[in-house]
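J.: Quick one: sequence plus predicted model below, questions after.
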Amino acid sequence: MKEYRFTWLFVVSVLVFMLVSSAAHAAAPAVEKLLPEKGDVPGFTIMSDSLNYGKGEGITSIYDGGYELYTRNGVVDAARQMYQRRKDFVEVTVHTMKSEKAAKDFVKYWAKERQVSKVTTSKRATGFVTVKPNVMAYYAMGKYFVTVSAFYPAERATKDVNAFINVIESRSAK
């Protein structure tokens, strides 16, 4: 009888944990749900305690100064997560914009700022990757504006930044 009680308590505990975990994920802002998860980009792990979320003026938790540029251009909220592969670091930020047009216009703004003449367009995304001052992607995916920054040599970083963009693009289609 004691064995069944232990088993029953264990099963109930696991079920409660699963319900709480899935409820927490469901309650997460949409921008957080677009961030790559563990295993989405081979070789990269999520750095612990690196997730930041901000809404309105709370975006200052992500942008230490200069957040007004983002809110003026239509950013409603944003989530940032850091990823690591050995000594390589990638930072991903997903922003909810007021509209799809605002997201595309912000990509155009950054293309002009970074002096990039070619912006690519696919079925679900519009954007570009630049290698100066570091490897960074700027993309609009529907009403989301996404940036991915890599902090290591461009030869490897460009491929990795594109891998992160591809994961986010596929997640945004769901």
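T.: Received it, and whenever you're ready, just let me know what you need.
J.: what's the closest non-adjacent residue to Thr96?
T.: What sits nearest to Thr96 in space, not counting adjacent residues and going by CB to CB, 6 or more residues apart in numbering, is Val76, at 4.5 Å. C-betas here are computed from N, CA, C, even on glycine.
J.: Same question for Glu32.
T.: Counting by CB to CB, 6+ apart, Glu32 lies nearest to Ala79, which is 4.5 Å off, once chain neighbours are set aside.
J.: Do a quick rundown of the strands in this structure.
T.: With DSSP state E, the ranges of strands along the chain come out as 45-46, 52-55, 75-85, 88-97, 120-121, 126-130, 135-141, 144-150.
J.: close enough to count as contact, Ala125 and Tyr138?
T.: No - in this structure Ala125 lies outside contact range of Tyr138 using CB atoms under 8 Å: 10.5 Å.
J.: who's more crowded, the two?
T.: When neighbours are counted by other CB atoms under 10 Å, Tyr138 comes out ahead of the other of Ala125 and Tyr138, with 25 against 22.
J.: Spit out the contact partners of the more buried one.
T.: Tyr138 sits next to Phe106, Val107, Trp110, Ala111, Arg114, Gly127, Phe128, Val129, Thr130, Phe145, Val146, Thr147 when contact means CB atoms under 8 Å, 6 or more residues apart in numbering.
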